Structures are given as C-alpha cells and as structure tokens.
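Participant: Okay, here's the prediction I keep looking at, along with the sequence it came from:
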Amino acid sequence: MTEKPRYASWTHGKLPLTELAELKRRDQKITMVTAYDFPSGRIADAAGVELVLVGDSAAMTVLGHDSTVPATMEELLILTRAVTRGAKRPLVIADMPFGSFQVSDEAAVENAVRFVKEAGADAVKLEGGGPTLSRVQAIVGAGIPVMGHVGLTPQSATMLGGFKAQGRTAEKAERLYEDALALEAAGCFAVVLEAVPAPVAARVTAELEIPTIGIGAGGGCDGQVLVWHDLLGLYEGRSPRFVKQYADLASEIERALGRYVDAVRSGAFPEEQHTYAMPDEERVQFETRLPGLAERAGQHQ
C-alpha cells in the first residue's frame, strides 16, 4: 500500500508563507522540487511537497539548451501558468530568468508582477547577492515574496569559473555568509544554498531566521530541492554530484515506446477493444452512398 503524503501542519488550501518559518522553528525539513508543466505540478502536489519551483533549469531540461541563460520571460510565464493549474497546495515560486531583473529595480518589479498577475505564481526567486539586494527590496516593497539564491548561481556560472562549488575558502565562505544575511535583511522569505560546503551551509542556516533550501549543500539546511528530471532519471546530461536519482523513468519510457512501435508495425495495435463500432445498417447505408459521393467529388476537381 502506498503511504499517504505527509504534509506540514496545513491540510487544506494553499500553504501559508508564514508556515515555512514555523517549520524551521520546529526543525521539520522542507521539501521543494522543480516542475515545468501541469502534470508535474499536480504530481508534486499529490506527493506532499511544500514548495514547487518553476526553475529556469527548464532551459536545459525542457527546451534543450546548454545552460539556463537562454530561458525567456515568455517561456517561463507559459510554464508557470501550467504548473499553477496543477499545484494547488504548495507555494509555487517562479524563477526570474537571466535579463529579467538585472537591468533595474523597475524592470525587476515589472517582471515579478507579471509572474504573479499573469501566471499565478505565489513568489519569485532571484539569483545572487550584492546588486541583487535592491531588486529584492523593490519586489518585496511591491508586495511580492522573494526567495534568494546564493552559492553556485547558474545564470552567472561563467563569472564563477563554471559549475563549481562555491565558498570553499574562508574568504569566499565569509562573502557567501554575508550575502545570505543581507538577503534576509532585504526581505527574502527563504534562501537557496547551491553547491556550498556542508559546514558553511549549516552555519548560514543556524544564523538565519528564514529557512535555507539546500541543493548540494548538505543535510544541515532547513530543506532540500532537486530538479524534476534529475531525480526521476529523465535528463541525459551529466548530473551534478549532489543529485540522487530516485527513478529511471527515461529507460522505462523508452521501453514503453519501443513496445508501442513494435505493436503498430506488426498490426497488434489497435485491437478491437481500442476501436469504435458502427451499427450494420448505418455502415451499409454509408457504403451504398460512396459511389455517388465519389462522382460528385470528381466533378468539383
């Protein structure tokens, strides 16, 4: 028998944003997963996750790009709309793509508003600290919850020297620590820590009053997030060290499609049970009319 999902302390309706801080206070781990369409949003909801991120990772997992940078506002708005139709109880967080918030506070607010108003998102996520702080303050000031993101920030991976762990020296760990505290002060309700040494992430988590969500940051974070395609075995690219695969759906799907192809080519599909019948008298009338129909059709050619 399948175990029923375990939710936090809420059982009906949308998870209250304030519940996340309460989960941290009770030392109850928070679950977060990415999703990109209606079925994945619905399944994540049914599984009992608290947070669903419509990640710009869709650029790689869904749209076939080599990085997250090409993802556009219009693409992520479409994906977020689909996810919010399926995920009714979790908080749905829209990832603000590269170029949607870096230019100015005004552009950041405008695009964040679009995610909430046009796509039904409950919150948005921004990468980075430093210059991002004013963007966070502006968006929060507009009444939209913001999740921060420090450590490995894929949109700026080139500046960081590639997709590498961050904060591995005392100096860089201190800078990451300061960025996380600054994001909290700017108004973030949570912070993602990506590819950060476990001791650093644990210390940041202990210092912050808001929850931390780790991805490659150890078990000391308040919660964890993984990419849908990574954890389900649907992504063919090289998986990061921190990914744990919980299923191999790509192989299962390929086998199923192979059986379908074989069945169609051999004539084994469709069977009678997959077709629709027609009353004999209607079939006879149809066939009787065919010669006249063919003749009239020929006259119009």
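Facilitator: Sure, I can see it.
Participant: what about residue 196, how many residues close to it?
Facilitator: By other C-beta atoms under 10 Å, 30 other residues sit near residue 196. Quick note: C-beta positions are derived from backbone N, CA and C, even for glycine.
Participant: Show the residue spans covered by the helices in the stretch 1-150 of the chain.
Facilitator: 18-25, 38-47, 58-61, 73-86, 105-119, 132-141 (DSSP state H, counting those that start in this stretch).
Participant: Output the shortest one in PDB, but only the C-alpha positions, please.
Facilitator: Output in PDB follows, covering the C-alpha atoms of helix 58-61 (Å, rounded to 0.1, in the frame of the first residue of the first chain):
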ATOM      1  CA  ALA A  58      13.700  24.400 -17.900                       C
ATOM      2  CA  ALA A  59      16.000  25.900 -20.500                       C
ATOM      3  CA  MET A  60      18.200  22.700 -20.200                       C
ATOM      4  CA  THR A  61      15.700  20.000 -19.100                       C
END
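Participant: what about it, distance to the chain center?
Facilitator: A distance of 10 Å separates the centroid of the chain from that of helix 58-61, by C-alpha atoms, centre = their mean, to the nearest Å.
Participant: quick one on the thing from earlier: will you turn the helices of the stretch 1-150 of the chain into TSV that also has mean neighbour count and mean pLDDT?
Facilitator: Shown next, in TSV, are the helices of the stretch 1-150 of the chain (neighbours: other C-beta atoms under 10 Å; pLDDT from 0 to 100):
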stretch	mean neighbour count	mean pLDDT
helix 18-25	16	95
helix 38-47	18	97
helix 58-61	22	94
helix 73-86	20	98
helix 105-119	18	98
helix 132-141	20	97
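Participant: Nearest to residue 205 among the ones you listed would be which one?
Facilitator: Checking the helices of the stretch 1-150 of the chain against residue 205 by C-beta to C-beta gives helix 18-25 as the closest, at 8.5 Å.
Participant: In JSON lines: the helices of the stretch 1-150 of the chain, plus distance to residue 257.
Facilitator: Formatted as JSON lines, those follow (distance: least, C-beta to C-beta, whole Å):
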{"stretch": "helix 18-25", "distance to residue 257": "40"}
{"stretch": "helix 38-47", "distance to residue 257": "17"}
{"stretch": "helix 58-61", "distance to residue 257": "19"}
{"stretch": "helix 73-86", "distance to residue 257": "23"}
{"stretch": "helix 105-119", "distance to residue 257": "31"}
{"stretch": "helix 132-141", "distance to residue 257": "43"}
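Participant: Out of those, flag the one nearest residue 248.
Facilitator: helix 58-61 (15.9 Å).
Participant: pLDDT wise, what is the residue nearest to residue 59 when sequence neighbours are not counted at?
Facilitator: Nearest non-adjacent residue to residue 59, counting by C-beta to C-beta, 6 or more residues apart in numbering: residue 71, 3.8 Å away. Residue 71 is assigned 96 on the pLDDT scale.
Participant: which residues sit in contact with residue 71?
Facilitator: 56, 58-59, 63, 65, 95, 97-98 (C-beta atoms under 8 Å, 6 or more residues apart in numbering).
Participant: if we can go back for a sec, nearest to residue 219, out of the helices of the stretch 1-150 of the chain?
Facilitator: The nearest among these, by C-beta to C-beta, is helix 18-25 at 14.4 Å.
Participant: Who wins on neighbours among the contacts of residue 71?
Facilitator: Counting by other C-beta under 10 Å, top hit in the contacts of residue 71: residue 95 with 30 neighbours.
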